[in-house]
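Asker: Predicted coordinates and the sequence they were generated for:
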Amino acid sequence: MINTIFWFVPFTSIVALLFARFFYNQMMKTSEGTDRMVTIASHVRKGAMAYLKQQYKVVGIFFIIMTIVFSIMAYGFNLQNPWVPFAFLTGGFFSGLAGFFGMKTATYASARTANAARTSLNTALQIAFRSGAVMGLVVVGLGLLDISIWFVALNYFYPIGANNGNNIIIITTTMLTFGMGASAQALFARVGGGIYTKAADVGGDLVGKVEAGIPEDDPRNPATIADNVGDNVGDVAGMGADLYESYAGSILATSALGAAAFAGMPELQFKAVIAPMLIAAVGIILSILGVFMVRTKEGATQKDLLNALGRGINFSSALIIVFSLAILLLLNVKNPYGIWGAIVVGLITGIVIGKATEYYTSSSYKPTQKIAESTSTGPATVIISGLGTGMISTTVPVIAVVTGIVLSFLFASGFNFSQMGMGLYGIGIAAVGMLSTLGLTLATDAYGPIADNAGGNAEMSELGEEVRKRTDALDSLGNTTAATGKGFAIGSAALTALALLASYVEELKIGLIRLGQTVLDLGNGVSVETSTASLTEFMKYYDVTLMNPKVLVGMLIGSMMSFLFCGLTMNAVGRAAGKMVDEVRRQFRIIPGIMEGKAEPDYAQCVAISTKGAQHEMLIPASIAIIVPILVGLLLGVPAVIGLMVGALVAGFVLAVFMANSGGAWDNAKKYVEEGHLGGKGSKAHKAAIIGDTVGDPFKDTSGPSLNILIKLMSMVAIVMAGLTVAYSVI
Amino acid sequence: MKRYLYLSLTPEALIASMLPPEDFGKYLAVGTKKRTRGQAIFFEINPNFESNYFNLDDIEKRCIPNKDGSPKRSKYLAIYRVLEHVPLNTINNLYLVTDDGRVLEIKKKEYTATEEDGELHLYQQLAPVNPIVVSKLNPIKFCKYLTATEHPVSVPKIAFFELILNGLADDPQNAPLNNLPYSNVDHLRDCLIGLKEKESKPNKTVIRKTNADVMFRTVKNGLFVGDNKQTLYFPLPDKSELEGKYYAWWKSALTQGFNY
């Protein structure tokens, strides 16, 4: 039994994909510009596609192995739902597809944006932004489409009305598995892309800028094209896969919590399950309308441009508040105003985190200016003040998330802490609210690298000053809007991870029932039926208390994982950048005429080195994220896995904020000096600022953004492997 | 093949070459093996000038193509007291070459003083000596002062840049140091204050000898070369031209000083 209103979900997903196609076609109709511009864009496109092809090969092998493992678990040992291997595969496939479409669009759009900037700022903005919107709409369209397909297909095999309402729990927890596929794909994309982009950037800069003394984006630098490719594979494809996972993950986790919270009340259960999907569906329509509202006038100032983007985002955010209430009232869910309150809390939390991010990373405010001032005493003080500021910057986001968690829980539970299920559902739906207009907010994120690449193309093509000013204005705008996007991504990741924690318990329930354990012995002669046991009863059954050393051990391992992962990815950037340095030096040495501009460097070789380095280096960090939760489960059991998830969430969230903000602040401190403060370009302060920025590069573009996925992937792996854990844990 | 004559200022040398100015500039900056790089500042000289000091008679015999037929890149004719022996009327265009080989050609122009009374100046001398000096004199007067033989410290000819001081030019005591990438700017401020306080003193040395490249972005107006009778002025294009027409050179000039 699927209510008619549910069909609005797949309908809007198709609408999103159609509009994505429309915006893509519109962009493709515009000219790519001069022969030189076309050649550069073609180099970047080829490099990006070569990277993605190689990445998908490696990830494909991983997915095949994991699918075989899941099939053996499901069909050989009955430890999993038989649909898990397929759901896992589609999650990975759609996530990869979102990244692929986003990147393909971006690589076609950058030269077109640069070309449009030759005549009009508004046209350039439209091309860049609508190309970013292709990515946004593809992510949300594919996300909801995948969710819809699985919901309908699983409903066919497990009719929602049957089995005392347990089928909908089976459906929603099975669908979570597709979240693991998406998370795994996202982690590979983020880590691989992050290593690639920083290896090319740092490696290229070290030789090009420092040793050969040639400016950034200079066509004589063999790593220039790889650097531009890196913007696409890291910031576009990586981010697309990442946010696909966040988007789908938040909806799936909330649906699973909704199914659990209303167990035994089929009608309310169904409404709670489809409510997050419907809110996301309405968010798609509002995002599309928002895209059309982004336009500006010729000769627009930076403020005008910011207002143009703000108009679209504010419009869709304001309306999602109104429409989500309408949906909840229309569905007649339990405590609609409370759940709506949770959604509003989620949106406010995202905005607060975004504003805090902007405050700590923008050169318009004191913290970044202070870092810039520390450049006058050398690189060591720059590093110290950047680290200090990054650490302090975690305060507001943590307090915002803490407040968000408490308020969304209280609102949704009707201010009754005993209503654990409803409260957790509120936390999940707060994350859904945050990401509901992702189609638009992601457009503002994906637009950044397109504008950045457009600037690179304009530089290399030696277009006029006016063109560069326009592309610079667009690029600078992208940096500002990205702060808000990051706030929503980080905030939703924390809330979703918390929701996944509750979903894990639901998966345990199913795993135990599958193994035939229908009753939980809680001690002292008390026992409850597994199928109706509450979260608190499960915690009691597994002795999940802080006095249980297994929980503490899990928490410590979870915390350590965040640091281990960051350390591995940062060292990976260092090694891959080292290989790039060797290659750029080699080319300067053996190709006569590069510096005189008489011979073209071998760009493809640098692209190949970055690709190979990234693929090689991403395997260990990505693999440990998958292996550790399985091992902890098998060796130490459920309490340790819950501890692991908590430890990873707590440490990972704070570390992610710290790294992203430190890196952002160092970057902007350098720009602040380059604007003419503290001696400006070429001064000792500038050199110190460059060192800070170089240190911050892997912070903000490799390790930091990957942590969000790490947290959720470990939770997803724990959820998917719950059956294995309950069946075979050693202690 | 045509032969050119160049007067290099950093270091001071008279060089014959078969390379036209742009290629010669690139060659000086980045060489042919890609293992070197360095800023270059030179003039193209009228190749037919006559000199008793330099041996210019057999340039055609000494500056010949390489064995593989490629043009001779450089034949050094003199490296000592070169500037003073090159007549000003033989100097053609100036070429400023960034350390990665971007070349900017500058034609000479009449200098019109625009400074107000009491304004201070900062000069980086290139040849024959290379201190950095603050002065109350405008460039023309500064050139005359340093080439006046009645002064105990003087040179026959001199080449120098005037560099930006921003607000320090008028108010060395209080003006901010923003956008001045000089090392030890506090010392510079002290020198300016000291100079302003001593009415009788026209100049004060900030750094006795500088080994650093000229940071082109700090050039206030241009390069001056002259003796006691005449000063030639080679103005840097204005900011809008640099950011537009000469962007490749300007962008390169802006990245100077990145080496650690």
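Answerer: Sure, I can see it. Numbering: from 1, shown residues only, chains lettered A, B, ... in the order given.

Asker: And the strand or helix carrying residue A:584, how far out from the chain middle?
Answerer: If you go by DSSP states H and E, residue A:584 is part of helix A:549-590. Averaging C-alpha positions (C-alpha atoms, centre = their mean, to the nearest Å) puts helix A:549-590 19 Å from its chain's average.

Asker: That one near chain B anywhere?
Answerer: Yes: contact of helix A:549-590 with chain B (C-beta under 8 Å from any C-beta of the partner chain) involves A:588, A:589. To be clear about C-beta, it is placed using only N, CA and C from the backbone, and glycine gets the same treatment.

Asker: Averaged pLDDT, that helix. What do you get?
Answerer: The average pLDDT within helix A:549-590 is 93.

Asker: now do stretch A:321-337
Answerer: Per-residue scores along stretch A:321-337 average to 94.

Asker: How about residues contacting it?
Answerer: Residues from elsewhere that reach stretch A:321-337, judged by C-beta atoms under 8 Å, 6 or more residues apart in numbering or on different chains: A:5, A:262, A:268, A:271-272, A:274-275, A:278-279, A:282, A:286, A:339-340, A:343-344, A:347, A:412, A:414, A:422, A:433, A:436.

Asker: Which of these are buried? Put it as a PyMOL command.
Answerer: Listed next is the PyMOL selection for buried residues among the contacts of stretch A:321-337, using 16 or more other C-beta atoms under 10 Å in any protein chain shown:
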select buried, chain A and resi 262+268+271+272+274+275+278+279+282+286+339+340+343+344+347+412+422+433+436
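
Asker: taking the contacts of stretch A:321-337 one by one, which sit in helices?
Answerer: Those of the contacts of stretch A:321-337 mapping onto helices are A:268, A:271-272, A:274-275, A:278-279, A:282, A:286, A:339-340, A:343-344, A:347, A:412, A:422, A:433, per DSSP state H.

Asker: how about low-confidence regions in chain A?
Answerer: Within chain A, the segments meeting pLDDT under 70 span A:1-2, A:302, A:479-480, A:482-484.

Asker: isn't residue A:636 right up against residue A:550?
Answerer: Yes: using C-beta atoms under 8 Å, residue A:636 is in contact with residue A:550, at 5.1 Å.

Asker: Confirm for me that residue A:237 is in contact with residue A:105.
Answerer: No: counting by C-beta under 8 Å, residue A:237 stays clear of residue A:105, with 10.7 Å between them.

Asker: Pick out whichever of the two has more residues nearby.
Answerer: Set residue A:237 next to residue A:105 and count neighbours by other C-beta atoms under 10 Å in any protein chain shown: residue A:237 wins out with 31 against 27.

Asker: for that one, what are its contacts?
Answerer: So residue A:237 contacts A:48, A:52, A:99, A:100, A:102, A:103, A:189, A:193 (C-beta under 8 Å, 6+ apart).

Asker: Near the closest residue to residue B:98 other than its chain neighbours, how many other residues are there?
Answerer: Computed as C-beta to C-beta, 6 or more residues apart in numbering or on different chains, the closest residue to residue B:98 that is not its neighbour in sequence is residue B:252, at 4.1 Å. Per other C-beta under 10 Å, the neighbour tally for residue B:252 reads 24.

Asker: Next, residue B:219: phi, psi?
Answerer: Residue B:219 adopts backbone torsions of phi -70, psi 130, taken as degrees, to the nearest 10.

Asker: which SSE is residue A:467 in?
Answerer: With DSSP H and E as the criterion, residue A:467 is inside helix A:465-514.

Asker: ugh, typo on my part, it should be residue A:527
Answerer: For residue A:527, the host element (DSSP H and E) is strand A:526-529.

Asker: who does that strand touch, helix- and strand-wise?
Answerer: Here strand A:526-529 touches strand A:519-523, going by 3 or more C-beta pairs under 8 Å, 6 or more residues apart in numbering or on different chains; DSSP states H and E.

Asker: partners of the strand it packs on, with directions?
Answerer: Strands that pair with strand A:519-523, judged by DSSP bridges, come out as strand A:526-529 (antiparallel).

Asker: Please tell me how far the strand it pairs with is from the chain's geometric centre.
Answerer: Put simply, strand A:526-529 sits 41 Å off its chain's centre (C-alpha atoms, centre = their mean).
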